[in-house]
Every structure is written in structure tokens, then in C-alpha cells.
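Student: Okay, here's the prediction I keep looking at, along with the sequence it came from:
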Amino acid sequence: MMEELYQMWPEVWGPPWKESKKDDFFHRLAFMYGQPFLVSNLHPHMTPAVIRKQFGAIPFKLYQHAAQNALRGFAAEFDAEGKLDPNTPNEEIPDKLAKTYLQPDAFQNLDITLITGAENPLWHRDSIDRMAEWLARRGKPVTKHVLDGYGHQDLWWGKRSQEEVFPLVLEAVAGARAKPVAAPVVVRVTGSPPDLTV
């Protein structure tokens, strides 16, 4: 079935490098993941040969699980709805599933940092906002960084990741213990005023 879908995959949504058009691997990569990085932002050492080593086989069940999460609009375990009491009211389903999958209380005393690229081709730009809002409604401290000039995987592989991304990750890990249990949402977007509280 997947091979049939692959054969219908449009050429215009092809591989990230024009010169890799003859290399079926990169066309399949675009088919399976979309464009997982911005070629224009890659570090010079992240060549097609190096990138190729970063990706391997993916179980089909992972795609089924991703489709379920996309359809429901939030993450939960595989086939989660089938494990709920059938009498659960629709408006209670997200919270009930979140408690079984995410266990948000485990984050009660932690600061949470969300980082994405403003040009992320895999996750819609609104997804980080929705996650921050969801966590804030549950009283979880959230810091959000949306970085201009970055996509998805190039947050780690980018030309300037060492200077622009890694310090944010280090700051988040070093300061992971939250003092207050309040839920401020802090947004730092390149080119915008820093620490814009929403």
C-alpha cells in the first residue's frame, strides 16, 4: 500500500537537494517525513551523505499513531479512544487521554521549554502555540522559543545552531526546576522584543 502511495507522490514535493533527484532515498525521505530540514540552513558538515545516516526504517504503526494524533488534535497513546469508557462525554476526552499519556502532573514542579523554527515544514507554526496554551491552562510554566530562519531538524543541524539553539536548550536543562507554580508563557522570537509575555 505505501509503495503505491509513494508512486503517486508528486515530483514537485521531491527531495531537498535538486542534485539528489536521481537518489531515490531523498525522494522517499520527503515522502515519509515531508521536508525535515531547511537545506539553506544546514551546517556545511551536514552533507547528503551525513544526512542519509540520520534516517532509518520506521514501523508502519508509528504512521498510524501519528495519524490518530493528527485527527484527534493532540497526542495520546495508540488506539487510546478504544480504551475509554464509551459513556465519556466528548468534552472530557482530551483531559482523560492526556492523563493516561502525558501525565501532566509529572511536570508540576518543572519549567517547560518549547523550541521550534518559524519555518518548520513538519509541524504547523500554530502547534507550539497550542501546546503552550494547553500547558498554561493546566498551570504549567512554559517558555516558548520560535526561531526565525529555522525549520525542524535543522534546529540541531543548522549553521548557527551552536550559537542560537544550543544555549536555549542548555538554559532550559540547567533551569528545569521551577520555583513558582504559576503559568507564564514567554515568547522569544528572533526580531521581536524578547520576553513578550502572552
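Tutor: Cool, the structure landed. Everything quoted here is computed from the prediction, not taken from an experiment.

Student: For the most far-flung residue of the chain relative to its centre, list the residues it contacts.
Tutor: In terms of distance from the mean C-alpha position of the chain, N87 ranks first, at 32.3 Å (Cα atoms, centre = their mean). Residues in contact with N87 (Cβ atoms under 8 Å, 6 or more residues apart in numbering): none are found. Every residue, glycine included, has its C-beta placed from N, CA and C.

Student: go on, I115?
Tutor: 144-145, 147, 155, 165, 168-169, 172.

Student: Kindly report the same for V169.
Tutor: So V169 contacts 113, 115 (Cβ under 8 Å, 6+ apart).

Student: now do 10 Å
Tutor: 113, 115, 145, 155-156, 161 (Cβ atoms under 10 Å, 6 or more residues apart in numbering).

Student: tell me the phi and psi of it?
Tutor: phi -70, psi -50 (degrees, to the nearest 10).

Student: Which of the three states applies to the residue positioned nearest the centre of the chain?
Tutor: Centroid-nearest residue in the chain: W123, 5.6 Å away (criterion: Cα atoms, centre = their mean). Assigned by DSSP: H, G, I helix; E, B strand; the rest coil, the conformation of W123 is coil.

Student: how far away is it from R137?
Tutor: W123 sits at a distance of 20 Å from R137 (criterion: Cβ to Cβ, to the nearest Å).

Student: residues in contact with I58?
Tutor: By Cβ under 10 Å, 6+ apart, the neighbours of I58 are 32-33, 66.

Student: TSV please, covering these and showing secondary structure and neighbour count.
Tutor: Shown next, in TSV, are those (DSSP: H, G, I helix; E, B strand; the rest coil; neighbours: other Cβ atoms under 10 Å):
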residue	secondary structure	neighbour count
M32	helix	15
Y33	helix	15
A66	helix	12
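
Student: that older thread, lowest-confidence one in the contacts of I115?
Tutor: Lowest pLDDT among these: A172, with 89.

Student: What residues does it make contact with?
Tutor: 110-115, 143, 145.

Student: quick one: which of those has the most company?
Tutor: H145 (23 neighbours; other Cβ atoms under 10 Å).
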